[in-house]
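>>> I would like the atomic coordinates for the input below:
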Amino acid sequence: MTTPATTSDTEAVPDLGELAVELRVAIMRTSRVLRTQAGSDVVTPGQTTVLGLLAKRGPQTMRQLADAERVQAPSMTRTVNALSAQNLVERTENPTDGRQVVVSLTPQGAAVLEESRSLRSEWLASRLEGLPERDRAVMHRAAEILVEMSAR
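Take a look at the predicted model:
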């Protein structure tokens, strides 16, 4: 193992392997908390993800949704059935292939998605509020870096 480098503030900087583990754990824990603690009471975290996909990509076939979420078709069918029962999504026949169903977001689904996003942002903002300004600046830069890294 290599000796950690130091920054100008004499803080130890972990090697790349240690940093990767630290970031992975932090991102996964934060994501889990955001999905469960600050989610809507109306839909599950997985259902919220499907609503988000439909909002971002527009109407999708069941296969497209299942592929995007890396789940089997029966799992996606259960998710879409639950969302449809609440009038959050609408199913229509595919105009080019009558054997397929196209799923789209309803206005009620868009409202539930927006509420869920707002709750998550509010939860995160409440945690950031207690940080010193310097740490909030670090978090801002970290967010920029994570977006850049995920775009590569």
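
>>> Under the pLDDT cut-off, which ranges of the protein? List them.
When residues are selected by pLDDT under 70, those of the chain lie in 1-10, 37-40.

>>> same thing but 90
Counting by pLDDT under 90, the ranges of the chain that qualify are 1-14, 31-46, 94-100, 116-117, 119-120, 123, 150-152.

>>> Quick check, central residue of it?
T49 (6.5 Å; Cα atoms, centre = their mean).

>>> Run through the residues that contact that residue.
Counting by Cβ atoms under 8 Å, 6 or more residues apart in numbering, T49 makes contact with E69. (Each C-beta comes from the backbone N, C-alpha and C, glycine too.)

>>> Is it part of a helix or strand, or is it coil?
Using DSSP: H, G, I helix; E, B strand; the rest coil, the structure places T49 in helix.

>>> Show me the contact partners of the helix or strand harbouring R136.
Using DSSP states H and E, R136 maps to helix 133-151. By Cβ under 8 Å, 6+ apart, the surrounding residues in contact with helix 133-151 are 27, 128, 131.

>>> can we see that at 10 Å?
If you take Cβ atoms under 10 Å, 6 or more residues apart in numbering as the criterion, helix 133-151 is touched by 23, 26-27, 124, 127-132.

>>> Tell me the spacing between the residue nearest to the centre of the chain and V43.
Distance, T49 to V43, using Cβ to Cβ, to the nearest Å: 10 Å.

>>> Now for these two: what residues contact both?
Common contact partners of T49 and V43 (Cβ under 10 Å, 6+ apart): 79, 113.

>>> Can you name the residues that contact L34?
Applying Cβ under 10 Å, 6+ apart to L34 gives the contacts 45, 116, 119-121, 123-124.

>>> What subset of those is buried?
Buried members of those, scored by 16 or more other Cβ atoms under 10 Å, are 116, 119-120.

>>> what number of residues lie near E90?
Using other Cβ atoms under 10 Å, E90 is surrounded by 17 other residues.

>>> That one belongs to a strand, doesn't it?
Yes: membership of E90 in a strand is supported by three-state DSSP.

>>> give me the beta-bridge partners of it?
With beta bridges defined as DSSP bridges, E90 has these partners: S104.

>>> from the buried ones among the contacts of L34, which is closest to E11?
R120 (30.3 Å; Cβ to Cβ).

>>> Looks to me like that closest one is in a strand.
No: with three-state DSSP as the criterion, R120 is helix rather than part of a strand.
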